[in-house]
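>>> model this:
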Amino acid sequence: MIQRIYHIKRALPELFELEELIEQGREHLRVSVPAHIQHTYKHQQTVPLPFYVLEAGSDAPLAPTLVLVGGVHGIERIGTQVILSFLRTLLQRLAWEPIIHEQLAQIRLVMIPIVNPGGMWQNSRSNPNGVDLMRNAPVDADDNTFLVGGQRLSKHLPWYRGRKDNQMEAENQALTQAIRQVLSHQKHAISLDCHSGFGAKDRIWFPYAKRKSPWPNLAEAFALTELFETTYPYHDVYLFEPQSQSYTTHGDIWDYLYDDYLATQPDGLYLPLTLEMGSWLWVRKNPRHLLRYHSLFNPILPHRHNRILRRHLTLFDFLLSAVRSMPTWAPTHMEEKRQRHHQALKRWYPDRAHSNLPPQGA
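Here you go, the predicted model:
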């Protein structure tokens, strides 16, 4: 049984919703808490906040795996909420739909809805130590970055990376441990990390954040993009692109985990994606969003909030199918990979489109 901490219900309603869904889905979910994040609040009281990892579907070690992650930035609560919305729908479908049982029997679904519970408690982007978890991994950008790319000057300034010689923050250690365990010996995997707060259009980002040159799996990223755009030609809400075309950063945790995977499993295929919901559109439609820091990253009107919660269900369903069928759509033969790579260069790196060779390590 889950031991709920009722006096924090108001501060972390997402945690309470998650625990209710865990109780509701206990027949279908495998739940672990690999860490508790210690959070200190009023009068130096300390409360351990659970770091939940949920699994559903196959428990076979080599089952194709989809990972959904949210709450890395505590202020971006909508990222956690869209995962909880998907989980609620999934549990309802499991109660009556045989097809979803058949689908999950062939894949492993992993959900980490709240990576940064202390930051979510405080309505802050960083964790309670003032560290931006997406600038905290031991990765230095190859290209020049502005302040937004990460800084070590002070935790009182945004995008603080933490001290250079320190270990990663406890939240990132727990996330790294969970992802490494999930990806161990895994040949086909996709992860989606849900964020908000950049631009007026929803983006699907893929690595690298640390440099502007193409990453080793550019051909596969193009194949996945084309697969989505041809399958859902009227669902044109997403802009697929390398993250570095928006900005580069130090310390990106997905760059770190991808490089770690590639070093240990060079023959596998892991595509770490980020959903960056374009909250500037919400601000433009309703200037009241400018009045509160929280509303710069989260929709405040009920109808818009509900629309966002259902908007991404198509994407999640698509990724469930895409990870299962990776061998059928991901380029495998060298000539096909060259062709996809060249098409990707024409789309995202037109100044490099004369090159037909995949990047080193592909």
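>>> tell me which strands and helices the lowest-mean-pLDDT helix or strand in the chain is in contact with?
The helix or strand of the chain with the lowest confidence, counting by mean pLDDT, DSSP states H and E, is helix 280-285 at a mean of 82. Packing contacts for helix 280-285, counted by 3 or more Cβ pairs under 8 Å, 6 or more residues apart in numbering; DSSP states H and E, involve no helix or strand. Every C-beta, even on glycine, is put in place using the N, C-alpha and C of the backbone.
>>> List of residues touching that helix?
For helix 280-285, contacts defined as Cβ atoms under 8 Å, 6 or more residues apart in numbering pick out 198-201, 289-290, 295-296, 299-300, 304.
>>> run the last query once more with 7 Å
Contacts with helix 280-285, where a contact means Cβ atoms under 7 Å, 6 or more residues apart in numbering, come from 199-200, 289-290, 296, 299, 304.
>>> Repeat that for stretch 10-28.
Applying Cβ under 7 Å, 6+ apart, the contact partners of stretch 10-28 are 2, 4, 9, 29, 31, 52, 56, 77, 80-81, 84, 87-88, 91, 94, 113-114, 117, 120-121.
>>> List only buried entries from those residues.
Those of the contacts of stretch 10-28 that meet the buried threshold are 29, 31, 52, 56, 77, 80-81, 84, 87-88, 91, 94, 113-114, 117, 120-121, by 16 or more other Cβ atoms under 10 Å.
>>> Name the nearest of the contacts of helix 280-285 relative to Pro48.
Distance to Pro48, by Cβ to Cβ, is smallest for Leu296 among these, at 29.8 Å.
>>> Please name the residues that touch the closest one.
By Cβ under 7 Å, 6+ apart, the contact set of Leu296 is 197, 279, 283, 289.
>>> which stretches of the protein have low pLDDT?
Residues of the chain that meet the criterion pLDDT under 70 lie in 1-7, 43, 354-362.
>>> Cross the contacts of stretch 10-28 against strands and list the overlap.
Among those, the members falling in strands are 31, 52, 56 (criterion: DSSP state E).
>>> What is the nearest of those to Pro64?
For the ones in strands among the contacts of stretch 10-28, the nearest to Pro64 is Ala56 (13.4 Å; Cβ to Cβ).
>>> distance of the closest one from Pro128?
Separation of Ala56 from Pro128 (Cβ to Cβ, to the nearest Å): 30 Å.
>>> which SS state does the most centrally placed residue in the chain fall under?
Taking Cα atoms, centre = their mean, the centroid of the chain lies closest to Asp193, which sits 0.6 Å from it. Put simply, Asp193 is strand when judged by DSSP: H, G, I helix; E, B strand; the rest coil.
>>> Isn't it up against Met277?
No - counting by Cβ atoms under 7 Å, Asp193 does not reach Met277; the two are 11.6 Å apart.
>>> Would you map the strands across this structure?
Using DSSP E, strands in the chain cover 30-41, 45-57, 65-70, 108-112, 188-196, 202-206, 238-242, 269-277.
>>> Same list, those strands, but as JSON lines with distance to Ser321 please.
Below are the strands of the chain laid out as JSON lines (distance: least, Cβ to Cβ, whole Å):
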{"stretch": "strand 30-41", "distance to Ser321": "22"}
{"stretch": "strand 45-57", "distance to Ser321": "13"}
{"stretch": "strand 65-70", "distance to Ser321": "10"}
{"stretch": "strand 108-112", "distance to Ser321": "12"}
{"stretch": "strand 188-196", "distance to Ser321": "11"}
{"stretch": "strand 202-206", "distance to Ser321": "16"}
{"stretch": "strand 238-242", "distance to Ser321": "16"}
{"stretch": "strand 269-277", "distance to Ser321": "14"}
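>>> gap between the least confident helix or strand of the chain and the chain center?
From the chain centre to the centre of helix 280-285 is a distance of 22 Å (Cα atoms, centre = their mean, to the nearest Å).
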